[in-house]
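**Student:** I'd like to go over a predicted model; first the sequence, then the structure.
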Amino acid sequence: MSDAALPAGLEAEATAERIEDKAFGFWIYLMTDGVIFALLFATYVVMTVGTAGGPTGADLFNLTHTFGETMLLLVSSATFGMASVAAREGDRRAVLLWLVVTAALGVGFVIMEGLEFSGMIAQGAGPDRSGFLSAFFTLVGTHGAHVSVGILCILVMLAQIAARGLTPPVASRLFRLGLFWHFLDIVWIGIFSIVYLPGVL
């Protein structure tokens with residue numbers, strides 16, 4: 001029997017089960033991503049002494065610039081939270097507005113990170129300069145790539161909400177995207193605390 005032939009009650013129950021299965025699968029994905037970042041953090045910590053006579057974090061890191069990146073990402077996490085609250089209230093226009101703001105903040109973060117990377121490379125401190133810099137660019141760059149993917153997902157989510165509204169499947173996707181975005185915020189706090197703060201002290 002196809003889903004289209006199911007009674008309304010059974011069809012709704014089947015849809016709810018599919019949404020729960022997807023949510024569980026997404027939690028598994030986040031755990032695997034967490035393992036990847038844990039390995040990148042461990043590699044970075046081990047390689048902090050591997051400067052090969054080149055520049056160290058104290059020579060390269062600008063804490064004011066990094067603080068600006070941090071504020072953009074923290075505020076974007078708050079605006080995504082506002083989008084989630086609006087979704088629970090069924091306010092589609094507010095969800096779209098808060099998602100646009102979140103995406104704009106994310107773009108600002110990626111631009112600032114790109115400027116940081118290009119500035120370091122211009123100083124001859126690219127990822128090929130030392131093991132320390134290879135580990136730095138890999139860790140921070142991987143996070144930046146995740147943020148870029150998150151921005152693309154927000155744009156897709158905007159299109160889905162505009163076209164379909166806040167249906168249960170769309171709301172479920174928004175919830176999972178929120179988990180991903182907040183996860184990136186947590187990872188960045190780790191980067192700020194483990195990479196940048198000790199690097200300038």
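**Tutor:** Nice, I can see it.
**Student:** residues in contact with stretch 69-85?
**Tutor:** Outside stretch 69-85, the residues that touch it by C-beta atoms under 8 Å, 6 or more residues apart in numbering are 94-95, 98-99, 101-102, 105-106, 108-109, 112-113, 116, 147, 174-175, 178, 181-182, 184-185, 188-189, 192. Glycine gets a C-beta too; all of them are placed from N, C-alpha and C.
**Student:** any of those residues buried? List them.
**Tutor:** Neighbour-count burial (16 or more other C-beta atoms under 10 Å) applied to the contacts of stretch 69-85 gives 95, 98-99, 101-102, 105-106, 108-109, 112-113, 116, 147, 174-175, 178, 181-182, 184-185, 188, 192.
**Student:** returning to what we had before: mind listing which of the contacts of stretch 69-85 are in helices?
**Tutor:** Mapping the contacts of stretch 69-85 onto helices (DSSP state H) picks out 94-95, 98-99, 101-102, 105-106, 108-109, 112-113, 116, 147, 174-175, 178, 181-182, 184-185, 188-189.
**Student:** by contact count, what packs against the longest helix along the chain?
**Tutor:** Assignment by DSSP H gives helix 8-47 as the longest helix of the chain. Using 3 or more C-beta pairs under 8 Å, 6 or more residues apart in numbering; DSSP states H and E, the elements in contact with helix 8-47 are helix 131-164, helix 168-191.
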